Each structure stands twice: as C-alpha cells, then as structure tokens.
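K.L.:
coords below, sequence missing:
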C-alpha cells in the first residue's frame, strides 16, 4: 500500500545541502522501497538528514551506529515487527517514534501507542502530513529536553514533579514515565480541578491540531496505571463523561499506590 500521491516533494537547491545544517536525523524503516523512497524524499526536502533500513536488524544496526533524533517505523516488517524494533531501541534510551502501518484496527493503534510510539500514521498517508508530524514530535521532544529557565517543582497528592530534571516521585519513589506521560502529568498538575477535552489535551500536550484521539486515551490509561492506587477506580485522574478528563487533588490520599483504597467515583477511560 502506497502513500497518498502528493505533488512532487520539495528538493533542496543543489549545492546548499552541505551549507545548511540538517534539521535533525531521521531513521526511516520500511520494507517497501517505494514507500521508503517517497518518505525519504519528502523528509530530505524538508531539511532532514535521513538514513533507511528495510528490516528490524538493519534498523537496530543503524540505530546503534548513529542514534537518530526520530524514527519513522513501519509496523509490518519481515522477521521482526515494528513493535519489537521499538522496544529494543527504547531499551537503549529514549527516541521519538512515529509508526506506519497498513492496518487501521484500533487494537493495533493502541498497542503501538502502548509500546511507546509518539504518533501513529495509517497507510495510505500524505507524505506532507507525515513531515508535519515529524516536525511536531521533534519540536515537543526538544522542548522537553531543554526546558526554559528553571521551572518550579509541582507537588500534589504525594506526587513531586521536577520539570527541570524531568523527574517525578510518588511517596519518595521515582516513577518511570515516558516523555509524553511526563508532559501530560505536568500539564494536569498545573491545572487541578479543570476539565479538559481530549482535543484540548492533544493541542496542549502533543502540540497537534490533528491526530488520533485514542492517543490521549491510551496515555491517560497508562498514566493511571502508574499514579493511581486502583487504576480501575481512579481517584486522581478522573473521567468526566461526555467531556474529558480532570485531575483532582484529594486531601486524604493513600501514601502508596499499592495501598488499599475506598471506592472512587471516577471511571477509567
């Protein structure tokens, strides 16, 4: 399945590529040479330095040789699927990942997001839209890596979030959060008691004006699994039916996520 045809991708003027620093390094992993060529052409035209791989082992070799700033990763690869490639890359450190797939099932999208993908694009897709998503994901990742100034710590319900150190503790214990989980928790902690729609969260946390809203749902569920005493009956990140999500800061909150808790009125996503 091919990308949706677009006008010819832009190409840098001859002789300017070496004079202009690349906007970032992108690893494109797809066993379809036509898809890989089109994606590479558009990303190169947008100013990115691109390397390609046609299978999982080759992708991991490229990743180890020179870690990219972002990976565009096909889900259906021969031998080793994109989920496993993503897991192995992430085992060596954080890297933003946009997954490509010809399968549009919601279960696949959710599995991709739970694996740690930052975005998910279903074939056929517009190469120009993919470039915009690469821009957006990299912009958010870089902003997270270099926070402006020294933002103050945020505390509430036993949670202590340090934006400068990108670190969260709960009852004195460090929580392992992904880049997007951290950003989502930081945003909600800055606005306790306020309800946000999934569209508002997507714009504020992901920086997207478009995209699959299940991205937000999956990240809320994963975050609840790390900060709630009982993720099935959340007391901190609550669902407001028909609207979105609200973070509450209860006064009497258990000191440990494993501690027993009374029933909560909130319901999971």
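P.N.:
Alright, I've got the coordinates. Bear in mind that the values here come from a model prediction, so they are computed numbers and not experimental data.
K.L.:
and residue 143, how many residues sit next to it?
P.N.:
Number of residues near residue 143 (other C-beta atoms under 10 Å) recorded here: 12. Heads up, the C-betas are built off the backbone N, CA and C, glycines and all.
K.L.:
Regarding it, what is its secondary structure?
P.N.:
Assigned by DSSP: H, G, I helix; E, B strand; the rest coil, the conformation of residue 143 is helix.
K.L.:
buried stuff in whichever strand or helix holds residue 57?
P.N.:
Assigned by DSSP states H and E, residue 57 belongs to helix 56-65. Neighbour-count burial for helix 56-65, counted by 16 or more other C-beta atoms under 10 Å, picks out 56, 58-60, 62-63.
K.L.:
Now do that helix: everything it contacts.
P.N.:
Identification of contacts with helix 56-65 by C-beta atoms under 8 Å, 6 or more residues apart in numbering yields 27, 29, 51, 53, 68, 71, 73, 77, 79-82, 84-85, 88-89, 92, 95.
K.L.:
The same query, at a cut-off of 7 Å, please.
P.N.:
Helix 56-65 is contacted from outside by 27, 29, 51, 53, 77, 79-80, 84-85, 88-89, using C-beta atoms under 7 Å, 6 or more residues apart in numbering.
K.L.:
quick one, phi psi at residue 169?
P.N.:
Dihedral pair for residue 169: phi -120, psi 150, per degrees, to the nearest 10.
K.L.:
Look up how far residue 143 lies from it.
P.N.:
22 Å (C-beta to C-beta, to the nearest Å).
K.L.:
which residue packs closest to residue 24, ignoring adjacent ones?
P.N.:
residue 69 (4.0 Å; C-beta to C-beta, 6 or more residues apart in numbering).
K.L.:
quick one: least confident helix or strand in the chain?
P.N.:
The least trusted helix or strand in the chain, going by mean pLDDT, DSSP states H and E, turns out to be helix 106-115, with a mean of 66.
K.L.:
ok, back up a step: for residue 157, state which of the buried residues of helix 56-65 is nearest.
P.N.:
residue 63 (37.8 Å; C-beta to C-beta).
K.L.:
which ones are touching the spatially most central residue of the chain?
P.N.:
The residue lying closest to the centre of the chain (C-alpha atoms, centre = their mean) is residue 118, at 2.2 Å. By C-beta under 7 Å, 6+ apart, the contact set of residue 118 is 96-98, 137, 180.
K.L.:
average pLDDT across the helix or strand hosting residue 160?
P.N.:
Using DSSP H and E, residue 160 falls within strand 159-162. Averaged across strand 159-162, pLDDT comes to 91.
K.L.:
partner strands of that strand, parallel or antiparallel?
P.N.:
Sheet pairing for strand 159-162, assigned by DSSP bridges, gives strand 154-156 (antiparallel), strand 167-170 (antiparallel).
K.L.:
one step back: just flag the most distant two among the contacts of residue 118.
P.N.:
Spatially, the most separated pair among these is 98 and 180, at 12.6 Å (C-beta to C-beta).
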